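> Sharing a model that was predicted from the sequence below.
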Amino acid sequence: MNEKDASPVVNGLLLIHKIITRGLTVSLQKCEEYLENKAVPASEAAGFTTFVSTLTKVAHSHHLSEDEISFPYFRDYLEAPFDRLMEDHQSISHILDRIGRYLPDLTKDEITGLHDTLKEFQAMWVPHIQIEEENFTVQKVQERVSMKDQIVIAKKMAAHGSRNSGPGPLALPFLFYNLEGMDRDTFMKSFPLIVRKILVPVIWKSRWEPMSPFLL
């Protein structure tokens, strides 16, 4: 698909789904590794805690932006199970809140509880994003929503996300480095050059470096 045929709204949806899916997958894999080894390495504890905490904040923020911005708009233009999707958001929100309770002290029991709760999240997340991606396709959105309105919605969602995803020095590296290749380039190009080239990789590096073993 060439750039003029792309939908900024759908593209943003697919990329944030990839980010959260990878964050969730890595979190589960590390829990299983820690349980097998019966310990969390001291060198990874702080970074892992920050990684999972940031995952929950980004997922919360994504769903909140859909509930408050994109879904109310799209109800007038697209047929989709909006009520079902918003009910999913509520259920996932409760799971995300429970995930956070395990993070202050990563004992074996806490890792077990964290793993099981992440599995609950995964069990809801996978079919949830499948429904969204089947209903909000490029073709459907392009047929019913003007590019001008799509750009406005995409900008509103990006601004909303920046306010609700937690501290920028943690949230932005999580967003950038759970993607790779063209996906990362596409996602990052909407951010100012100073953010992409100076703040995240240089000035904020000490803040997010403990997470780096879990990022791409």
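On my side now, so go ahead. Numbering: from 1, shown residues only.
> give me the low-pLDDT residue ranges for the protein?
1-5 (pLDDT under 70).
> Please report the residue range of the longest helix in it.
Of all the segments of type helix in the chain, defined by DSSP state H, the longest one is helix 8-37.
> Just the angle for the next helix or strand after that one relative to helix 8-37, thanks.
Downstream of helix 8-37, the next assigned helix or strand under DSSP states H and E is helix 42-65. Inter-element angle recorded for helix 42-65 and helix 8-37: 150 degrees (by axes from the mean of the first three to the mean of the last three CA atoms, to 10 degrees).
> And the contacts of helix 42-65?
With CB atoms under 8 Å, 6 or more residues apart in numbering as the test, helix 42-65 has contacts from 16, 19-20, 23-24, 26-27, 30, 40, 89, 92-93, 96-97, 99-100, 103-104, 106, 114, 118, 121, 157, 160-161, 164-166, 170-171, 174-175, 208-215. To be clear about C-beta, it is placed using only N, CA and C from the backbone, and glycine gets the same treatment.
> Check which element follows it along the chain.
Following helix 42-65 in sequence, per DSSP H and E, is helix 71-74.
> Contacts for that following helix, please.
Residues beyond helix 71-74 that count as contacts (CB under 8 Å, 6+ apart) turn out to be 80, 82, 85, 86, 136, 145, 149, 153.
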